[in-house]
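# I would like to see how this sequence folds:
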Amino acid sequence: MPLNLNQIHLQRDLAMPLARQLYGHIYQQIVQGQLVYAERLPASRLLAEQLQLSRGVVVECYEMLRLDGLVLGVGKGGTQVCYQPSQPKRSLPTTTAHLNLSERGQRITQARHYRPQAQEPLLLQASIPDLKLFPKQQWLSLQKEAWSLTQGQYQRQCGIMALKQALRDFLARYRGIQIQDLNCLLMTTGTQGALSTLAQVLTNAGDTALIEHPCWEGGKAALHQAGLKIKTVAVDTAGAQIPDFKARLAVLTPNAQFPTGYVMSVTRREAWLDYSHQYQTWLIEDDYAAEYSYNQHPAPSLLTYPQAQQVIHVGTMSKLLLPDLRLGWMVVPQHLARPIASILNTLGIQPSYLLQQQLALFMQYGYLGNHLANTRTIYNQRRTACTEYLQTYASDLLTVMPSVSGMNTYVRLHASVNSHDLIQRFSAAELGCEVYEVKEQGQNVCYVLLGHAGLAIEQVPSALNHLLSVLKS
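A predicted model of the protein is given here:
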């Protein structure tokens, strides 16, 4: 049976070259048995005329078929099919059974539900830095220098040395953390990558894990995907409360609790460290944005306490610089440094080496410190403006909760509200606010988290009026 031209449909506007498209059509006719062994294909010039192609396209297609062992050029005999199926042609099944994910794969997919992604950050979206404040010129000026320092090989120490050294100084200055062995400082793809990895390697499926309530959904998802039994602990102004039961692992945000912004008291920190020793519990300190402390120097990390042998510190550049970097770190005990580094290498959970080199230079030249000083001041002005506006025009609707740290404003609604309905209303109004429901004295109370970091002062009235109109509706 000769080549069926009616089955060949070439699209000239596709990125795929015409020769590759033609190859695919002829390939299908050969392997499906429409073109049988020894069948002669049209001469390249003739096929080119029939399909209105240049002869070079057909010649290139025939050469690809020849290299794949499907056709053979036989002198004056032209190009002939030389493919013979090893088995008789089978009829395709009428229904196809799909292979599904493993139980673990399904658990990961169900760990967190993501809202549809907008092209730009939504108005009042929480925990998103202001892109306009990012020092683009300084960042871009370092690209060529970063490239000149690349080594052209795989890095197995989970972080290039220049960045580890710069980050060690940064953590000592801002968090009081003293890192003696740089092997204990491991670079990761943000907090989510770090928490998900730690939940898998420090626990067994079925173990009990603790997380604060309310909390960041990404932290809860990290525990879900590891197959852990999740229990929550309430948060008050002193931080996460101490449970009266044993857990294998606890995820805490002591330096700027998310979403409340409360800073954990020294007494509560010491109680958690005592708890970790009593029950042999890992404490994962999610230190996502403690550097944005407005009224005081950031409280010291849990790692600064002498009894912090079972504490792992996790941080990220997503809030300090940009989520686009997908770059974070963890500080682990010395006896776990090499095993966890091996795990991160095997799983491939490492940021770009070139990006790490660029960030190292950015920190070494003092650009990060200057950027933090600038944004801390601006974000605080925006926080103050939002607080004053809400207290002036919405005191009958809500109470602004006190906070000394963070990029967000946390408010308590006075009226009873259906949280799921409010989430839908925010979404319809294109607001990025988050809703949390907390039980207080037997009553369900709604809190709203709104991001002030990306809100210029002149935008405050219109943005908050839009928010209030949704709340009043």
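# which residues does the worst-scoring helix or strand of the chain on mean pLDDT contact?
Using mean pLDDT, DSSP states H and E, the weakest-scoring helix or strand in the chain turns out to be strand 71-73, at a mean of 90. The contact list for strand 71-73, computed with C-beta atoms under 8 Å, 6 or more residues apart in numbering, reads Ile30, Leu41, Tyr62, Leu65, Arg66, Thr79, Gln80, Val81, Cys82, Tyr83. For glycine as for every other residue, the C-beta is placed from the backbone atoms N, C-alpha and C.
# so what's Lys319 closest to, chain neighbours aside?
Leaving aside its chain neighbours, Lys319 sits nearest to Ala289 (4.1 Å; criterion: C-beta to C-beta, 6 or more residues apart in numbering).
# which strands or helices does the helix or strand where Leu464 lies pack on?
Per DSSP states H and E: Leu464 is located in helix 460-472. With contacts taken as 3 or more C-beta pairs under 8 Å, 6 or more residues apart in numbering; DSSP states H and E, helix 460-472 sits against helix 367-393, helix 419-428.
# redo those helices as CSV? Include mean neighbour count.
Formatted as CSV, the helices and strands packed on helix 460-472 follow (neighbours: other C-beta atoms under 10 Å):
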stretch, mean neighbour count
helix 367-393, 16
helix 419-428, 14
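# now those in TSV, with distance to Phe258 and mean pLDDT?
Putting the helices and strands packed on helix 460-472 into TSV (distance: least, C-beta to C-beta, whole Å; pLDDT from 0 to 100) gives the following:
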stretch	distance to Phe258	mean pLDDT
helix 367-393	15	95
helix 419-428	17	94
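# out of these, nearest to Ser54?
helix 419-428 (52.5 Å; C-beta to C-beta).
# correct me if wrong: the residue nearest to Lys319 contacts Ser127.
Yes - assessed by C-beta atoms under 8 Å, Ala289 is found in contact with Ser127 at 7.3 Å.
# identify the contacts common to the two.
In contact with both Ala289 and Ser127: Lys319, Met407, using C-beta under 8 Å, 6+ apart.
# more neighbours: which of the two?
Shown here are Ala289 and Ser127; by other C-beta atoms under 10 Å, Ala289 has more neighbours (26 against 22).
# next one: that one from Tyr174, what distance?
With distances taken as C-beta to C-beta, to the nearest Å, Ala289 is found 11 Å from Tyr174.
# quick check: which element contains the most centrally placed residue in the chain?
Taking C-alpha atoms, centre = their mean, the centroid of the chain lies closest to Gln192, which sits 5.9 Å from it. Element membership for Gln192 (DSSP H and E) is helix 190-201.
# elements contacting that helix?
Packing partners of helix 190-201 (3+ C-beta pairs under 8 Å, 6+ apart): helix 217-225, strand 249-252, strand 282-286, strand 311-316, strand 328-331, helix 334-347.
# next helix or strand past it?
Toward the C-terminus from helix 190-201 - assigned by DSSP H and E - lies strand 208-213.
# can I get that following strand in CSV? Just the C-alpha atoms.
The C-alpha coordinates for strand 208-213 follow below in CSV (Å, rounded to 0.1, in the frame of the first residue of the first chain):
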residue,chain,number,x,y,z
THR,A,208,2.7,12.1,65.8
ALA,A,209,3.7,15.6,64.7
LEU,A,210,2.7,19.0,66.2
ILE,A,211,2.0,22.2,64.5
GLU,A,212,0.6,25.5,65.7
HIS,A,213,-3.0,26.6,65.2
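# helices or strands next to it in the packing?
By 3+ C-beta pairs under 8 Å, 6+ apart, strand 208-213 packs against helix 217-225, strand 229-236, strand 249-252.
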